[in-house]
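# Requesting a structural model of the entry that follows:
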Amino acid sequence: MLARQRQSAILDRVRTAGGVRVGELAAAFGVSDMTIRRDLETLHERGLLAKVHGGATVTGAGSTDEPGFRAKSVRQLPEKEAIAARAAGLVRPGAAVALSAGTTTAALARRLVDVPGLTVVTNSLPAVEILHAGGRPDQTVILTGGVRTPSDALVGPLAVTAIRSLHLDLLFLGVHGISERAGFTTPNLMEAETDRALVAAADRLVVLADHTKWGTVGISSIVPLSSAHVLVSDDRLTPEARRLLSDEVGELMIVPAGPGRTADGGTTG
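Residues are numbered from 1 along each chain as shown. Purely as a prediction, here's the structure:
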């Protein structure tokens, strides 16, 4: 296959799936990871896709654009893992916690498998799969039900009704965007309503959001910044954003997102 033919096929895959990984493409086309990276760079320079850590996604996100779970799963992987690790430290054995949908909350679910006695309520299909695969008999996992979104969230009246009958210790909320004006936002109107029900059911709200969420605005606001008891983000969050968020949320936790990095964004060694 010629390079141009391969790049056309890669673009078709990105548009169909919303996102692709370098390793998957290399295996599919029988070429090296380096060849695929060059292809992605070429397509990125032509404005046909967006390069992300470990792969590529579609371009052109707007206030109503809702990337699929697969597309989001290849973005900011080190940041999401670091955020999830810090968030897991907030969970105590025997707690009743909720996980909203999202790739960062799914990363957290992988860490909660090791916490005994949890009751986990979620509207995230990937999170449920992860927790059930963990197979802990001392954990209770509750799936809300509802209508499935492109991001593998269950939303709508069924989900909201189920959530409103619950009382939870902690909610870990993944968001599409954060802004001073709009607060925490999502591109899906029904998901915003479902998320607000989760917020109302929980004693404490912990928002998990990497630095790319700052300045992004989805069409629907979930809650204002001041509703968050804790916001966990990574060390690539700008100083201006840190100052504003520190004034608005209860506590801003900044985590280093790569080897040799410190929580203030500097390096060690």
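
# What separation is there between Leu171 and Ala3?
From Leu171 across to Ala3, the span is 47 Å (Cβ to Cβ, to the nearest Å). In short, each C-beta sits where N, CA and C put it, glycine included.

# who's more crowded, those two?
Neighbour totals were compared for Leu171 and Ala3, and Leu171 leads with 25 against 12 (other Cβ atoms under 10 Å).

# and that one, which of the three is it?
Put simply, Leu171 is strand when judged by DSSP: H, G, I helix; E, B strand; the rest coil.

# Quick check: next helix or strand after the helix or strand of the chain with the lowest mean pLDDT?
Between all helices and strands in the chain, the lowest mean by mean pLDDT, DSSP states H and E belongs to helix 69-72, at a mean of 54. With elements assigned by DSSP states H and E, the helix or strand that comes after helix 69-72 is helix 77-88.

# Mind listing residues that contact that following helix?
Helix 77-88 has contacts (Cβ atoms under 8 Å, 6 or more residues apart in numbering) with 53-54, 103-104, 107-108, 110-112, 115, 172, 206, 208-211, 232-234, 236, 253, 255-258.

# Relative to whatever helix or strand comes next after it, what are the paired strands and their orientations?
Sequence-wise, the next helix or strand downstream of helix 77-88 (DSSP H and E) is strand 96-99. Here strand 96-99 is paired, per DSSP bridges, with strand 119-122 (parallel), strand 168-174 (parallel).

# I'd like to know which elements the helix or strand that strand 96-99 is followed by is packed against.
Note on strand 96-99: by DSSP H and E, the next helix or strand toward the C-terminus is helix 103-112. In terms of contacts (3 or more Cβ pairs under 8 Å, 6 or more residues apart in numbering; DSSP states H and E), helix 103-112 is packed against helix 69-72, helix 77-88, strand 96-99, strand 119-122, helix 125-134, strand 168-174, strand 202-208.

# Would you mind listing the buried residues in the fifth one?
When burial is assessed from 16 or more other Cβ atoms under 10 Å, helix 125-134 yields the following buried residues: 125-128, 130-131.

# For the residues you listed, work out which two are farthest apart.
Using Cβ to Cβ, the buried residues of helix 125-134 span at most 11.1 Å, a distance reached by Leu125 and Leu131.

# Can you turn the buried part of the contacts of helix 77-88 into a ChimeraX selection?
Selection of buried members from the contacts of helix 77-88 for ChimeraX, criterion 16+ other Cβ under 10 Å:
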select :54,103,104,107,108,110,111,112,115,172,206,208,209,210,211,232,233,234,236,253,255,256,257
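
# pLDDT weak spots in this structure?
15-18, 58-76, 258-269 (pLDDT under 70).

# how close does Leu171 sit to Met190?
Distance, Leu171 to Met190, by Cβ to Cβ: 18 Å.

# Quick check: the gap between Gly215 and Ser165.
Using Cβ to Cβ, Gly215 is found at 36 Å from Ser165.

# For these two, indicate the residue with more neighbours.
The neighbour count for Gly215 versus Ser165, taken as other Cβ under 10 Å, is higher for Gly215 (12 against 7).

# Got the phi and psi for the more buried one?
Reported as degrees, to the nearest 10, the phi and psi values for Gly215 are phi 90, psi -10.

# what sits against it?
By Cβ under 8 Å, 6+ apart, the residues touching Gly215 are 177-179, 241.

# Work out for me the element Ile178 sits within.
When the helices and strands are read off by DSSP H and E, the one containing Ile178 is strand 177-179.

# Thanks again, I'm all set now.
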